[in-house]
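Visitor: what shape does this take:
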Amino acid sequence: MPSLSPQSISRTIDVSVLNQIAIVLMEPKFPENIGAAARIAWNMGLSRLIVVRREEPDREAMARMATHKAVHLIDTMELHQSLEKALAPFSCVVGTTARRGRQRILEKGPREIVQEISPLLPDNQIAFLFGPESRGLTNDDLKYCQMTSAIPTAGFSSLNLAQAVAVHCYEIYYGLIHAKKDITPAPKFASTFELEGMYTHVEQALLEIDFLQAKNHSYWMNNIRQFLSRIRLSSKDANIIRGICRQFLWRQTSLEKTNHKDKSS
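Guide: Next comes the predicted model:
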């Protein structure tokens, strides 16, 4: 039986699962880094590039770094001014960071992250979020993330944006395509759009009962987000929680109106 060449083997691999994954760049300062990210992503079979930026970056600078092979990713990339809108369709957001802190989700290495997201595909869309070159992702950016990924280094953590994208794209491609194992697919989970709507109502309900106060408001909401992220809510779950909070808020408003009317009479 004739052996297959590496080229024919690669053609038999189903890479469609990679279409569910997007590289999201938050406020990149240099358009060249966007172009480099496009070139890296396309080399690893990824075709979804999203940029969150107030101003449209210079196309020529991006295209030069992307090269003619990946310039189509520059032409088809999504540009958003809001991170929340950019992440709206995604059921799982992986924040990439080297910063540590008490309020941050416990990070894992890119290889571990890829193993964790494998069961989520192909029924869930996944975003890998990269922060600005100067500061990385803030706690406010990371509130949208269910996981965080940190690249292990030999004590000198100073990778630039393009290098961080390259490491993660390689691990995604290798882990999902070449080292793919038999896994039990996970169900479809709630999207960021659905979760943010739920969190808004949860926050309003907790403010109504004075559980959240000005001094520790963000701290407790971050903890609540992390707790619910670990549970992995479906769309139905998120709608149930949101419905309970809405009903509670409606009931509170009705009681306040009744009390006000009684006092006035």
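
Visitor: just for this structure, where's the confidence low?
Guide: Residue ranges of the chain with pLDDT under 70: 1-14, 99-106, 156-157, 180, 182, 214-215, 256-265.

Visitor: which of the helices or strands spans the residue nearest in space to the middle of it?
Guide: By C-alpha atoms, centre = their mean, the chain has its centre lying nearest to residue 93, at 2.1 Å. Taking DSSP states H and E as the definition, one finds residue 93 inside strand 92-96.

Visitor: I'd like the distance from whichever strand or helix holds residue 66 to the chain centre, please.
Guide: Assessed by DSSP H and E, residue 66 sits inside helix 59-76. The chain centre lies 23 Å from the centre of helix 59-76; the measure is C-alpha atoms, centre = their mean, to the nearest Å.

Visitor: next helix or strand past it?
Guide: Downstream of helix 59-76, the next assigned helix or strand under DSSP H and E is strand 78-80.

Visitor: now do the contacts for residue 32.
Guide: 61, 62, 64, 65 (C-beta atoms under 8 Å, 6 or more residues apart in numbering). Every residue, glycine included, has its C-beta placed from N, CA and C.

Visitor: can you tell me which of those residues are buried?
Guide: 61, 62, 65 (16 or more other C-beta atoms under 10 Å).

Visitor: list the contacts of the second one.
Guide: Meaning residue 62. 31, 32, 34, 35, 38, 74.

Visitor: for it, which non-adjacent residue is spatially closest?
Guide: Residue nearest to residue 62 in three dimensions, not counting chain neighbours: residue 35, with 3.9 Å by C-beta to C-beta, 6 or more residues apart in numbering.

Visitor: cool, the first one as well?
Guide: The spatial neighbour of residue 61 that comes closest, neighbours along the chain excluded (C-beta to C-beta, 6+ apart), is residue 31 at 3.9 Å.

Visitor: how many residues are close by the one you found?
Guide: Using other C-beta atoms under 10 Å, the number of residues around residue 31 comes to 21.

Visitor: what's the answer for the one 5 residues further on, then?
Guide: When counting by other C-beta under 10 Å, one arrives at 24 neighbours for residue 36.

Visitor: next structured bit after the one helix or strand it maps to?
Guide: If you go by DSSP H and E, residue 36 is part of helix 31-43. Downstream of helix 31-43, the first helix or strand assigned by DSSP H and E is strand 48-52.

Visitor: elements contacting that next one?
Guide: With contacts defined as 3 or more C-beta pairs under 8 Å, 6 or more residues apart in numbering; DSSP states H and E, the packing partners of strand 48-52 are strand 21-26, helix 31-43, helix 59-76, strand 78-80, helix 83-87.

Visitor: can you redo those as a markdown table with distance to residue 248?
Guide: Below are the helices and strands packed on strand 48-52 laid out as a markdown table (distance: least, C-beta to C-beta, whole Å):
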| stretch | distance to residue 248 |
| --- | --- |
| strand 21-26 | 34 |
| helix 31-43 | 44 |
| helix 59-76 | 44 |
| strand 78-80 | 32 |
| helix 83-87 | 24 |
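
Visitor: so which of the ones you listed gets nearest residue 187?
Guide: Between residue 187 and these, the shortest separation by C-beta to C-beta is 18.1 Å, and it involves strand 21-26.

Visitor: packing partners for the closest one?
Guide: Strand 21-26 is packed against helix 31-43, strand 48-52, helix 83-87, strand 126-130, helix 161-173, with contacts defined by 3+ C-beta pairs under 8 Å, 6+ apart.

Visitor: with distance to residue 217 added, can I get those in CSV?
Guide: Formatted as CSV, the helices and strands packed on strand 21-26 follow (distance: least, C-beta to C-beta, whole Å):
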stretch, distance to residue 217
helix 31-43, 34
strand 48-52, 24
helix 83-87, 18
strand 126-130, 24
helix 161-173, 31
